[in-house]
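> can't give you the sequence, but here's the structure:
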Ligand SMILES: CSCC[C@H](NC(C)=O)C(=O)O
Ligand SMILES: [Zn+2]
Ligand SMILES: [Zn+2]
């Protein structure tokens, strides 16, 4: 049952609750209130702050903790301010109340994805400042809008802006996933979203007739082919040969066909068109050309009177055309520092993974920057986008300690090449 928290810990929890209580759910997020809240916290921490609308009405809040050596590349701690929608009546506690139950579980939309991380960054900085720590590298925090709908109003324009270039970012931290066991998870890349809609056309006709080339039949052939492909990919995950992030996933997300009638659908007319939509996720090293060919030749061939359209398509490539992944071994000091810092804070890390869905980290990787996805939530069921999303308060507080350790290590890190480079400039 709940442990009594001291005053400092109680205020950390209560600030988290306040952030969760701001309804920033898509499609109508209250961004202004969230921005005002973050700016008010920044003031209490003496951080420099700026609000930039790269897209009108979609504020990015930028905070800065200046380092002693501003010539060194900076650290960027990114989080998104929006959350996904909720079906309120299916929750045991209202999703924007941030109710804490007797076990210390804080129920709210965004408690895992990812208001926890945004607040933990700030609380870690609060603790580090109180302990008298001074960063060598500059630490930036970005609170960005619209991650849940693709980042086109947030991280995408931000990562491509002059404001971003001037920040001279050397490493980005962004969101990860909860872990049901005691090990934290860290992500060095992610699958690219391909959201595909296919349409089949065919001759309409009497519902009792058997004839070739109906729209439904044309679409069904695609569905059979896609289902076989999905099953084969899933089998390699089930057998343990591959991780979820290493295969192509294809899930049907809509089906649209039939001739409407006041009582539902006309039952004795075979319709002249039928559509289906798929959420496809493509691993960084997958062969894009082969998949595209498959879509053209098997899933939506024009020879079967079919067309297709991508609602979202990202190749996950950096500026050099290489898969946008971050090196996750000891040849990347940022990776080693993260591993050591987590350990020092008493945590354990699973081996690095490909994030199965999408995050804003892809935009920073596309700029050629290392970015690690990490949300310190161990012993926690994965509830992002689900009903009754919650995070335990003890786990939240532990996460702050983990970030204290990471931020201290990152902001103090001075490698020899960086020293040489900064000397050259003098
Ligand atoms: C195409 S952007 C959508 C982003 C969203 N992110 C997560 C983590 O759910 C997703 O993967 O669907
Ligand atoms: Zn998220
Ligand atoms: Zn999300």
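Great, that's in hand. The structure presented is a predicted model; accordingly, all values stated were derived computationally and were not measured. Ligands and ions are numbered 1, 2, ... in the order given.
> List the contacts of the closest residue to ligand 1 within the chain.
Closest residue of the chain to ligand 1, CB to the nearest ligand atom: residue 357 (3.1 Å). Every C-beta, even on glycine, is put in place using the N, C-alpha and C of the backbone. For residue 357, the contacting residues are 190, 191, 193, 281, by CB atoms under 8 Å, 6 or more residues apart in numbering.
> Next step: the residues you listed restricted to strands.
The members of the contacts of residue 357 that map onto strands under DSSP state E are 190, 193, 281.
> Lowest-confidence one in those residues?
Ranked by pLDDT, the ones in strands among the contacts of residue 357 bottom out at residue 193, which has 94.
> So that residue is in contact with residue 310, correct?
No - the pair residue 193 / residue 310 is not scored as a contact, 9.6 Å apart, by CB atoms under 8 Å.
> Where does the prediction get shaky in this structure?
1-3, 416-426 (pLDDT under 70).
> and the stretch 51-200 of the chain, which residues reach ligand 2?
113, 114, 175 (CB under 5 Å from the ion).
> Select from the residues you listed the one having the most neighbours.
For those, the largest number of neighbours (other CB atoms under 10 Å) sits with residue 113, at 28 neighbours.
> for stretch 187-197, the distance to its chain's centre please.
Counting by CA atoms, centre = their mean, to the nearest Å, stretch 187-197 is centred 11 Å from the centre of its parent chain.
> how long is it end to end?
End-to-end distance for stretch 187-197, by CA to CA, to the nearest Å: 29 Å.
> Is the closest residue to residue 41 other than its chain neighbours part of a helix or strand, or is it coil?
Distances taken as CB to CB, 6 or more residues apart in numbering place residue 122 nearest to residue 41, at 5.6 Å, with adjacent residues excluded. Counting by DSSP: H, G, I helix; E, B strand; the rest coil, the backbone at residue 122 sits in helix.
> right, and residue 122 touches residue 39 too?
No - Residue 122 lies out of contact with residue 39 (CB under 8 Å); the separation is 11.4 Å.
> which one of those two has more residues nearby?
More crowded of residue 122 and residue 39, by other CB under 10 Å: residue 122, with 27 against 17.
> Pull the contacting residues for residue 249.
Contacts of residue 249 by CB under 8 Å, 6+ apart are 191, 230, 233, 234, 279, 280, 281, 356.
> top of these by neighbour count?
When neighbours are counted by other CB under 10 Å, residue 191 leads these with 25 neighbours.
> quick one: the closest residue to residue 393 other than its chain neighbours from ligand 2, how far?
Leaving aside its chain neighbours, residue 393 sits nearest to residue 104 (4.4 Å; criterion: CB to CB, 6+ apart). Distance, residue 104 to ligand 2, by CB to the ion, to the nearest Å: 23 Å.
> Kindly report the same for residue 22.
With CB to the ion as the criterion, residue 22 and ligand 2 are 16 Å apart.
> what does this structure put close to ligand 1?
148, 150, 193, 312, 357, 358, 359 (CB under 6 Å from any ligand atom).
> the more surrounded of residue 193 and residue 310?
For residue 193 versus residue 310, neighbours defined as other CB under 10 Å are more numerous around residue 193 (19 against 14).
> Just list whatever residues bridge to that one.
Beta-bridge pairing of residue 193 under DSSP bridges involves residue 281.
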